[in-house]
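1. got a predicted structure here, sequence first:
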Amino acid sequence: MKSEHQTQGPKHRPFPWRCTQCGKEEIYPKPTDYTTVETHDGRSYVLILPDLSVPTCRYCGDQLITTKVDEQITSALRSQIGLLTPCEIQSLRNEHGLSSLQMAEELGVPETLLADWEMGMRIQSRAMDDLLRHFFQSRVAGDRDLDLSLSQGR
Ligand SMILES: [Zn+2]
């Protein structure tokens, strides 16, 4: 069983980190009620992430938005908009027995874009999210041939 608090890999250096603002090794993770405004599809969303662990300099107060912090902001944004999560996209694809290449081709999107959605590197637009949902729903409905003739018509 893997602990969420265990970070691995060479890029995860142990704290404290050196602060780029004041040059002191005083950066430690700090639980922060983090508020940010994120823009998606031309709309702004105010996100509040209570108790987000943000590496913060104890000396000058500078906050570091690391990849990990950024991922949590992204996932909060995704759930606020109500989009499919990377896990959901991936598990739906697996349920339907599709390789990412097959699915990308059927959706008409680049395989790299699909991979980015599944890895959480990018957030799909609401239009793309709708497309994904319809895609999976129409496959559940079963009749493949009918489905194809209907959905290819644009
Ligand atoms: Zn500092």
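-> In hand now; what should we look at?
2. immediately after the one helix or strand Tyr45 maps to, which helix or strand?
-> Assessed by DSSP states H and E, Tyr45 sits inside strand 43-57. Heading C-terminal from strand 43-57, the first helix or strand you meet, by DSSP H and E, is helix 67-81.
3. that next one packs against which elements?
-> Applying 3 or more CB pairs under 8 Å, 6 or more residues apart in numbering; DSSP states H and E, one finds that helix 67-81 contacts strand 27-40, strand 43-57. Any C-beta I mention is one placed from the backbone N, CA and C, and that applies to glycine too.
4. for the ones you listed, which one sits closest to Leu114?
-> Nearest to Leu114 among the helices and strands packed on helix 67-81 is strand 27-40 (18.4 Å), distances taken as CB to CB.
5. for that closest one, which helices and strands make contact with it?
-> With 3+ CB pairs under 8 Å, 6+ apart as the test, strand 27-40 has strand 43-57, helix 67-81 packed against it.
6. where among those is the average confidence lowest?
-> Of all those, mean pLDDT reaches its minimum on helix 67-81 (a mean of 91).
7. name the residues that touch that one?
-> 7, 34, 36, 38, 40, 45, 47, 49, 52-55, 65, 85, 120, 123, 126 (CB atoms under 8 Å, 6 or more residues apart in numbering).
8. now, which of those residues lie close to the ion?
-> Among the contacts of helix 67-81, no residue is within reach of the ion (CB under 5 Å from the ion).
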